[in-house]
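Asker: Dropping a prediction and its sequence here:
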Amino acid sequence: MLVISGNVFILRRRQTPYFVKGHVSNMNQEKLAKLQAQVRIGGKGSARRKKKVVHRTATADDKKLQSSLKKLAVNNIAGIEEVNMIKDDGTVIHFNNPKVQASLSANTFAITGHAETKQLTEMLPGILSQLGADSLTSLRKLAEQFPRQVLDNKAPKAEDIEEEDDDVPDLVENFDEASKNEAN
């Protein structure tokens, strides 16, 4: 069997089986019984022991990613304050002060930093300049779908309007006629 490990090629010979037809090898029977006991937890028909899973840490994944990016010969792009990725459903993935790396030859961009998922309406005043034609149409659709109940709750009630009208004096004269008289 040929095993390749990095730049090293390892050739392994096949081991002879422990049990050959009609012949039991000279392996220690006590050692074999111990190994069998470790594998089976319960009695006959029970599940075998589960293999312990080693969980990877985020730092290990990050190191692996950075080494892959080095192979692509990425360059750091400085001076980027924020990155917004607008999804079709109207949500925005927002990075504030990210680290941006690019490899134009591989057509690859890497954005690392703390990401926040926000609604498009939360980002509205500042994000309008970044929206494309597709995003503007989705923004119009969101505006049309905005519930009327929210607008009704924010609209002033008729009682409030009457109270505000009391503060403003009623017009008695016609100002158009007065301006015509001044012009003559």
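Answerer: Okay, I see it.

Asker: gap between residue 31 and residue 141?
Answerer: 71 Å (CB to CB, to the nearest Å). All C-beta spots, glycine's among them, are computed from the backbone N, C-alpha and C.

Asker: Oh, that last question was meant for residue 130, not what I typed.
Answerer: Relative to residue 141, residue 130 is positioned 18 Å away (CB to CB).

Asker: Equivalent analysis for residue 62, please.
Answerer: To residue 141, residue 62 is 38 Å away according to CB to CB.

Asker: ok, residue 175 - how many residues close by?
Answerer: Using other CB atoms under 10 Å, the number of residues around residue 175 comes to 8.

Asker: residue ranges with poor pLDDT in this structure?
Answerer: 1-27, 39-50, 125, 128-129, 132-136, 138-139, 142-143, 145-172, 183-184 (pLDDT under 70).

Asker: for it, what spans make up the strands?
Answerer: Assigned by DSSP state E, the chain shows strands spanning 2-5, 8-11, 19-20, 23-24, 75-77, 82-86, 91-96, 99-103, 108-112, 115-119.

Asker: Not counting its own residues, what contacts the last one?
Answerer: Just to be clear, that refers to strand 115-119. Contacts with strand 115-119, where a contact means CB atoms under 8 Å, 6 or more residues apart in numbering, come from 90, 91, 92, 93, 94, 95, 96.

Asker: Next: the fifth one.
Answerer: Residues from elsewhere that reach strand 75-77 (CB under 8 Å, 6+ apart): 99, 100, 101, 102, 103.

Asker: returning to what we had before: nearest to residue 182 among the strands of the chain would be which one?
Answerer: Closest approach to residue 182 among the strands of the chain (CB to CB): strand 115-119, 54.4 Å.
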